[in-house]
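A.B. asks: Below are the sequence and a predicted model for it; my questions follow.
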Amino acid sequence: GKGQPATRQAGGGGRGAGKMSSVGSGYDLGCNIYSPDGRVFQIDYAGKAVENSGAMIGLKCKDGVVVGVEKLVMNRLLMEGSGRRVHPVGRHAGIAFTGYVADGRAVVSAAKSEVENYDDYYGVDMPPHVLTERLGHYFHAYTTYGGYRPFGLATVVAAYDNEKGEAFLHQIDPAGTHYRYHGCATGKARQAAKTEIEKLDLSSLTVEEGLKRIAFIIHTIREEEKDKPFEFEAGWISKDTNWEFELVPRDVRLEADKWGKKRVEEMEMEDDSEDED
């Protein structure tokens, strides 16, 4: 079968002989093969695709949920707004993604179908945890068949729950694992972004303030000399939007981005002056 060449190479006298597992030993040829230490390398590689893309941050604030994405601009000739990373998938729900963009479009399309079908069948808006669970199943299915590859994607779901009367934030990773969060970060420098999120008092922040904090965190973790230019994209759902998911208006987005950049510059100047003293 498909797994035989990999097993032979790893098991007897090949490059991988004598090792528990390693890249190049054949265990990474498909997502239907476990390595001897219980890893599925293709899922690990999908995680790398996410790590190499722009940062994505979501915050559950006191009045709703806000999501921001650092969309790296690969070509200066691109029109602003082209290849969006934040999408409404129903009146009450939206998703954002970072990673392999073509995979993201497929997931957006699947999410829209799920929301529409649920509404047709039950006559109510799909709860956030149900949408997340179904997308998690979708992601997971692509990790269990030999001819498939996992999505090189991390996705955030921001949606309103009619039953609970509040909006929730969920994140799905390439394996299909999903959790509900107060604040989450993925993509480039995610650990540094998580550290910054932990400093925030989310229970007292509004989504407008949260948007500024997201812009600030993105500018904090960037290395301006090395990193590509980026476009700040964002979406939110709150009481002010009548619990409908909306893309943040351009002027509000630009203002938040400007505030975040200025704040980082001020902090750097303070550090410099302290060093001189």
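C.D. replies: On my side now, so go ahead.
A.B. asks: how far does stretch 25-35 stretch from start to finish?
C.D. replies: When the termini of stretch 25-35 are compared using Cα to Cα, to the nearest Å, they are 9 Å apart.
A.B. asks: tell me the mean pLDDT over that stretch?
C.D. replies: Mean pLDDT, stretch 25-35: 85.
A.B. asks: Can you give the distance of it from its chain's centre?
C.D. replies: Put simply, stretch 25-35 sits 25 Å off its chain's centre (Cα atoms, centre = their mean, to the nearest Å).
A.B. asks: try stretch 245-260
C.D. replies: 19 Å.
A.B. asks: Touching that stretch from outside, list them.
C.D. replies: Outside stretch 245-260, the residues within contact range by Cβ atoms under 8 Å, 6 or more residues apart in numbering are 66, 86, 88-94, 158-160, 208, 211-219, 232-237. C-beta: built from backbone N, CA, C; applies to glycine.
A.B. asks: buried sites along it?
C.D. replies: Using 16 or more other Cβ atoms under 10 Å as the test for burial, stretch 245-260 gives 245-248, 253, 256-257, 259-260.
A.B. asks: now swap in stretch 165-178 and tell me
C.D. replies: 166-176, 178.
A.B. asks: distance between the ends of that stretch?
C.D. replies: Using Cα to Cα, the end-to-end distance of stretch 165-178 comes out at 21 Å.
A.B. asks: Looking at the contacts of stretch 245-260, which are in strands?
C.D. replies: 66, 86, 88-90, 93-94, 158-160, 232-237 (DSSP state E).
A.B. asks: Which ChimeraX command selects the buried ones in the residues you listed?
C.D. replies: Command for ChimeraX that selects the buried part of these, burial taken from 16+ other Cβ under 10 Å:
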select :66,86,88,89,90,93,94,158,159,160,232,233,234,235,236,237
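A.B. asks: Looking at the ones in strands among the contacts of stretch 245-260, which one is closest to Pro128?
C.D. replies: Nearest to Pro128 among the ones in strands among the contacts of stretch 245-260 is Ala159, at 3.8 Å by Cβ to Cβ.
A.B. asks: so who does Glu166 touch?
C.D. replies: Tyr160.
A.B. asks: going forward, begin numbering at 21 instead of 1
C.D. replies: Got it, the first residue is 21 from now on, which makes the last one we talked about Glu186.
A.B. asks: pLDDT score for Ser73?
C.D. replies: The predicted local confidence for Ser73 is 93.
A.B. asks: Actually, Arg35.
C.D. replies: 43.
A.B. asks: Could you give the number of residues near the nearest residue to Gly101 once chain neighbours are set aside?
C.D. replies: Once flanking residues are discounted, Gly101 sits nearest to Glu251: 7.9 Å by Cβ to Cβ, 6 or more residues apart in numbering. Number of residues near Glu251 (other Cβ atoms under 10 Å) recorded here: 19.
A.B. asks: repeat for the one 10 residues further on
C.D. replies: Thr261: 17 surrounding residues under other Cβ under 10 Å.
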